[in-house]
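Participant: Build the 3D model from these lines:
(one chain, ligands or ions: 4)
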Amino acid sequence: MKPLLLAAVAAALCAPVVANATPFTQTSPLGGSIPTAATPVGGLLIDIEGANGARLFAQAAASSLFNGTQRVQSLQFGSITGFTPSIIAGLGGGITGVALRVTLWDGDSATGEFNFGESTIEIDGVFLGAVSGIAVEETDSLGTRSISTGTGFRDGTLDTGWFVMNAVGYSALFNALQDGELNFFWTDSELDGNILDFTRGVDGGLINIGQPPVITPPVTPPTGVPEPASLALLGAGLLGLGAAARRRKAA
Ligand SMILES: [Ca+2]
Ligand SMILES: [Ca+2]
Ligand SMILES: [Ca+2]
Ligand SMILES: [Ca+2]
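Facilitator: Ligands and ions are numbered 1, 2, ... in the order given. Modelled structure (predicted):
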């Protein structure tokens, strides 16, 4: 085998398995990555920011969601339970951000499709957002490979997109949390018997309270300028070398 070919084979063998090929689905619009326990796509993933900066993530498993024909204008397609009083207390008395990640196969709500401009998402009666126009990414069912991007949830496509609640809904959503569960509704102003499958993608479930933000220093210190700790260590080392030299001289 030619060296070049060998090198190429070696590089291919050493290439890491790409487990994070879709940063779009794994980055919250509220900032930061989703928890590693959450699946890359699939299920319903909610990210709630508390008044104290705490971040509450919860994910409904894909298998618990709706798959079928929409027969009512306001269709409950999922719910997330387990918001205990102590978890709610961890939000610091209010909400300052809500984002919801939705994975749906066959929404038919992209530009020109028969559900364009007809659907919205509501959480316990609190408006979250219009479906058409939402940025989405088509992935494989594991969420490891990005296939295409677009808007709305397209015909015959496994799309994942993020909804961000307007601040006007925060206090109502905080009230909606108090019974320990959130229920998710997909509305359709013109009922056409569309098939909606929210069960595609990876099945996962998680409920977890986040941590208040911490100040993170720059990851890479300026080159050529050692940090004070390194300087102190260097100084101690030089002192030690000096002492050793003196001892050798004395001996
Ligand atoms: Ca229609
Ligand atoms: Ca369709
Ligand atoms: Ca509720
Ligand atoms: Ca419709």
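
Participant: Residue 103: what's it in contact with?
Facilitator: The neighbours of residue 103, taking Cβ atoms under 8 Å, 6 or more residues apart in numbering as the test, are 25, 41, 42, 43, 62, 158, 159, 160, 198, 200, 201. In this view, the C-beta of every residue, glycine as well, is placed from N, C-alpha and C.

Participant: got TSV for those, with neighbour count, pLDDT and distance to residue 140 too?
Facilitator: What follows is those, written out as TSV (neighbours: other Cβ atoms under 10 Å; pLDDT from 0 to 100; distance: Cβ to Cβ, whole Å):
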residue	neighbour count	pLDDT	distance to residue 140
25	25	96	11
41	29	94	9
42	30	93	11
43	27	92	16
62	24	92	14
158	23	96	8
159	29	97	12
160	26	97	11
198	25	96	17
200	20	93	10
201	25	90	9
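
Participant: what does this protein have sitting close to ligand 4?
Facilitator: Taking Cβ under 5 Å from the ion as the measure of proximity, the chain contacts ligand 4 at 115, 118, 188, 190, 192.

Participant: And the fourth one, what's its pLDDT?
Facilitator: In this model, residue 190 is scored at 96, pLDDT.

Participant: And it, which helix or strand is it part of?
Facilitator: Counting by DSSP states H and E, no helix or strand carries residue 190.

Participant: where does the closest residue to it other than its chain neighbours sit relative to residue 153, distance-wise?
Facilitator: Using Cβ to Cβ, 6 or more residues apart in numbering and skipping residues adjacent in sequence, the residue nearest residue 190 is residue 118, 5.2 Å away. To residue 153, residue 118 is 12 Å away according to Cβ to Cβ, to the nearest Å.

Participant: any weak-confidence spans in the stretch 1-150 of the chain?
Facilitator: 1-21 (pLDDT under 70).

Participant: could you flag which of the residues of the chain next to ligand 4 are buried?
Facilitator: Buried by 16 or more other Cβ atoms under 10 Å: 115, 118, 188, out of the residues of the chain next to ligand 4.

Participant: and the last one, bridged to which residues?
Facilitator: This points to residue 188. When bridges are called by DSSP bridges, residue 188 pairs up with residue 119.

Participant: Please report how far it lies from ligand 1.
Facilitator: Computed as Cβ to the ion, to the nearest Å, the residue 188 to ligand 1 distance reads 8 Å.

Participant: my guess is that residue meets residue 121, correct?
Facilitator: No: the pair residue 188 and residue 121 fails to qualify as a contact (Cβ atoms under 8 Å) at a distance of 11.2 Å.

Participant: Enumerate every residue touching the closest residue to residue 204 other than its chain neighbours.
Facilitator: Of all residues not flanking residue 204 in the chain, residue 39 sits nearest, at 3.6 Å (Cβ to Cβ, 6+ apart). Contact analysis of residue 39 by Cβ under 8 Å, 6+ apart lists 45, 59, 62, 143, 201, 202, 203, 204.

Participant: check contacts around the fourth one.
Facilitator: Same thing as residue 143. 22, 25, 26, 39, 40, 41, 42, 160, 201, 202.

Participant: Same list, those residues, but as JSON lines with distance to residue 82 and secondary structure please.
Facilitator: JSON lines is the format used below for these (distance: Cβ to Cβ, whole Å; DSSP: H, G, I helix; E, B strand; the rest coil):
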{"residue": "22", "distance to residue 82": "27", "secondary structure": "coil"}
{"residue": "25", "distance to residue 82": "23", "secondary structure": "coil"}
{"residue": "26", "distance to residue 82": "22", "secondary structure": "coil"}
{"residue": "39", "distance to residue 82": "17", "secondary structure": "coil"}
{"residue": "40", "distance to residue 82": "22", "secondary structure": "coil"}
{"residue": "41", "distance to residue 82": "22", "secondary structure": "coil"}
{"residue": "42", "distance to residue 82": "18", "secondary structure": "coil"}
{"residue": "160", "distance to residue 82": "23", "secondary structure": "strand"}
{"residue": "201", "distance to residue 82": "21", "secondary structure": "coil"}
{"residue": "202", "distance to residue 82": "20", "secondary structure": "coil"}
